[in-house]
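**Q** sequence plus predicted model, see below.
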Amino acid sequence: MTKPVVALTKGRVEKQFIQFLEERGFDVAPLLDKGRKLQVETEQFFAFFAKGIDVATYVEHGIADLGIVGEDILLEVQPDVFDLLPLPFGQCRFAVAGEPDSNKALGKQKIATKYPNITTDYFRKQGKSVDIVKLEGSVELAPLLGLADDIVDIVETGNTLKENGLVVKEEMFSISARCIANRNSLKLKKAILYPFIEAFRVEEVIK
Ligand SMILES: Nc1ncnc2c1ncn2[C@@H]1O[C@H](COP(=O)(O)OP(=O)(O)OP(=O)(O)O)[C@@H](O)[C@H]1O
Ligand SMILES: O=P(O)(O)OC[C@H]1O[C@H](OP(=O)(O)OP(=O)(O)O)[C@H](O)[C@@H]1O
């Protein structure tokens, strides 16, 4: 019987996932000692490391059976994968933020974000149409430099907003990291995936 193939989001999520696995008695040494290698094998699974958006693609195409990815990616890209369960890390929230006294009276609100689909959907549900400026990071700069009126972004501690003189204007919703699965793998590799998924289950985070 072969092992599951797991696609892991590099960086922040990877670190928290490794700690999560360690607490559950998994063999994490190969993940910690990987150096610049992008694929490793542990006692329990094969892993490879990619950007979150690519983790979703690899799982959708069946290259990975499981993926560990931020819910922001799933909401933005809506990949055709099975969203199995929430994980107890990567917890943060989406918010509209901007300069404290910048309420736009006339014209369309201009919003800078890494998440154009989430943003459009959020404002559409409020019956509002906004102009979106897509950025890839350091989104907080946009209102400060006059590129946009406000931003839609992830807030965790609030430090990035605070240190740049911005405030939350509207709380949107909370997210966490998620374990996703390829739809066929779930049917065809049940025997190897289910024990693995069971080990990931954390009562307090199941919605
Ligand atoms: N401040 C944060 N607190 C908690 N989770 C976060 C925070 N920022 C991002 N995340 C989550 O972690 C995931 C990965 O974020 P990370 O910043 O490591 O990569 P990224 O946003 O793709 O940037 P990079 O281009 O540097 O790889 C995001 O998809 C999101 O789910
Ligand atoms: O509320 P905080 O704890 O300060 O976290 C929020 C920040 O974290 C994320 O940025 P990230 O570090 O991923 O950098 P980025 O700007 O390149 O996306 C997010 O886009 C915010 O900028």
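**A** Yep, that arrived. Numbers count the residues shown, from 1 in each chain. Ligands and ions are numbered 1, 2, ... in the order given.

**Q** in the protein, which spans are strands?
**A** 5-9, 39-41, 46-50, 66-70, 82-86, 92-98, 110-113, 131-134, 150-155, 167-175, 177-181 (DSSP state E).

**Q** okay, the ones you listed in CSV with mean neighbour count, distance to Val28 and mean pLDDT next?
**A** C-betas here are computed from N, CA, C, even on glycine. Shown next, in CSV, are these (neighbours: other Cβ atoms under 10 Å; distance: least, Cβ to Cβ, whole Å; pLDDT from 0 to 100):
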stretch, mean neighbour count, distance to Val28, mean pLDDT
strand 5-9, 24, 12, 98
strand 39-41, 13, 10, 97
strand 46-50, 20, 10, 98
strand 66-70, 28, 13, 98
strand 82-86, 16, 20, 95
strand 92-98, 21, 24, 98
strand 110-113, 24, 34, 98
strand 131-134, 14, 36, 98
strand 150-155, 23, 26, 98
strand 167-175, 14, 25, 98
strand 177-181, 23, 16, 97
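
**Q** now tabulate those in a markdown table and tack on distance to ligand 2.
**A** A markdown table is the format used below for those (distance: least, Cβ to the nearest ligand atom, whole Å):
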| stretch | distance to ligand 2 |
| --- | --- |
| strand 5-9 | 11 |
| strand 39-41 | 24 |
| strand 46-50 | 16 |
| strand 66-70 | 10 |
| strand 82-86 | 19 |
| strand 92-98 | 7 |
| strand 110-113 | 9 |
| strand 131-134 | 13 |
| strand 150-155 | 4 |
| strand 167-175 | 10 |
| strand 177-181 | 13 |
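
**Q** low pLDDT regions in this structure?
**A** 1, 105, 202-207 (pLDDT under 70).

**Q** domain parsing for it?
**A** 5-90+176-205, 92-173 (automatic domain parsing).
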